[in-house]
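>>> can't give you the sequence, but here's the structure:
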Ligand SMILES: *[C@@H]1O[C@H](CO)[C@@H](O)[C@H](O)[C@H]1NC(C)=O
Ligand SMILES: *[C@@H]1O[C@H](CO)[C@@H](O)[C@H](O)[C@H]1NC(C)=O
Ligand SMILES: *[C@@H]1O[C@H](CO)[C@@H](O)[C@H](O)[C@H]1NC(C)=O
Ligand SMILES: *[C@@H]1O[C@H](CO)[C@@H](O)[C@H](O)[C@H]1NC(C)=O
């Protein structure tokens, strides 16, 4: 606790120095500033959303800009669905980048987006139908990236803009909400179409977006497969007759999804010259922690820190933004794998981020993210 606090303070100090020095030199030589590092562009859902949903017209159920979210590191609710930092925050730190800002966050500096941008939106899916109207779908995130790409080329010049785009790393966590959606919101989705066809749509739409980023010049992709969220605290209470068991209907779709995603990435690598990827086996890394929490420094791998009911699996953390609504909050968040019914604690995010960054090939491959960042 103590030492991670110090590390995070150092990190924030570093971020401030970077932003001050970039303001100083950007006017003279902004090209020099961006030649050294690979930028980080982030796409996805609540696992990666650093606050975009704060700025869209939506419901508090897909937002978390209220206490106790953000209690650990930022000391205020930034919109991240965790007590502290998310995976992309740690990845940015390991890559010596400042925190990557949400695309929609009003910005008043000079180096806007040259280190990257976060487009992720809590609740988003690869399918436009998933939480339609409440979230920024992957398709819209891609359109937002296109605007940034155009802006970078006009600001930095065509050649330099293209270099930033081709050196950058594109990090994705998406697909989980599509898989959950038929079970949580609209059960008629899977009545009109087979499970297999549905998963094909999800992976097909993800693949289309990877291809479009590639066509815009992107070459380095970091992708998480879908974790065992059929066993998240919220899922353990879905079947009232089997409280405490993983939710089987979702298990099947997740397994199918992960197989098809791997095939799609292998196909893209074969088809698209220079396409490189780091696939993190999030399913394995998170399963290991759920099943053996003490091996990874957690006391509790199944019950959430914040929420209510069995396993604190009912999503009431923070009273959903309404101060008078009650919920339970654990005393010591570092003992927990899950912060709320569906999302990991900062400590867990850090462990996963380390595996994505420098993990051995049996957990992140064929490249790890560190290797992708170092490539020219
Ligand atoms: C639920 O899904 C069905 C089939 O995809 C669709 O026709 C319907 O409009 C959806 N309903 C809602 C409320 O989104
Ligand atoms: C993308 O999803 C839509 C449904 O939202 C589906 O009709 C379409 O076929 C999917 N695209 C691919 C390439 O699978
Ligand atoms: C919180 O839990 C961690 C991990 O189990 C432990 O090291 C630490 O001492 C605890 N802190 C407090 C204040 O109890
Ligand atoms: C991956 O390999 C490491 C050794 O490099 C080993 O400790 C670990 O258990 C392996 N993980 C999996 C998921 O096979």
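Nice, thanks for sending it over. What you are looking at is a predicted structure, and each value in this text was computed from that prediction instead of being measured. Ligands and ions are numbered 1, 2, ... in the order given.

>>> Could you point out which residue ranges in the stretch 51-200 of the chain have low pLDDT?
Scanning the stretch 51-200 of the chain with the threshold set as pLDDT under 70 gives 108-112.

>>> So which bits of it are right by ligand 1?
Residues of the stretch 51-200 of the chain that fall close to ligand 1, judged by Cβ under 6 Å from any ligand atom: 186, 188, 189, 192. C-beta coordinates here come from the backbone N, C-alpha and C atoms, glycine included.

>>> mind redoing it with 5 Å?
186, 188, 189 (Cβ under 5 Å from any ligand atom).

>>> count of residues packed around residue 75?
9 (other Cβ atoms under 10 Å).

>>> hang on, the earlier thing: tell me which of the residues of the stretch 51-200 of the chain next to ligand 1 is nearest to residue 343?
Among those, residue 186 lies closest to residue 343 (Cβ to Cβ), at 22.1 Å.

>>> re earlier: is it possible to mark the buried ones in the residues of the stretch 51-200 of the chain next to ligand 1?
Neighbour counting with 16 or more other Cβ atoms under 10 Å marks residue 189 as buried within those.

>>> Please identify which of the residues of the stretch 51-200 of the chain next to ligand 1 is nearest to ligand 3.
Among those, residue 186 lies closest to ligand 3 (Cβ to the nearest ligand atom), at 40.1 Å.

>>> Distance check, the closest one against residue 52.
Using Cβ to Cβ, to the nearest Å, one obtains 23 Å as the distance from residue 186 to residue 52.

>>> got it, and residue 139?
For residue 139, the distance to residue 52 - Cβ to Cβ - is 15 Å.

>>> ok, now residue 155?
For residue 155 relative to residue 52 (Cβ to Cβ), the value is 22 Å.

>>> and what of residue 259?
With Cβ to Cβ as the criterion, residue 259 and residue 52 are 30 Å apart.

>>> Relative to ligand 2, which residue of this protein is the closest?
With Cβ to the nearest ligand atom, the shortest gap between the chain and ligand 2 falls at residue 204, namely 2.2 Å.

>>> does any bit of the helix or strand residue 257 falls within sit next to ligand 2?
Assigned by DSSP states H and E, residue 257 falls within helix 248-271. No: contact between helix 248-271 and ligand 2 is absent, the nearest approach being 10.2 Å (criterion: Cβ under 5 Å from any ligand atom).

>>> who in the protein is up against ligand 2?
127, 201, 204, 205.

>>> Would you mind identifying the next helix or strand past the helix or strand hosting the third one?
Here residue 204 is covered by helix 195-215, with elements defined by DSSP H and E. Sequence order places strand 220-224 as the next helix or strand after helix 195-215, per DSSP H and E.

>>> Perfect, I'm done here.
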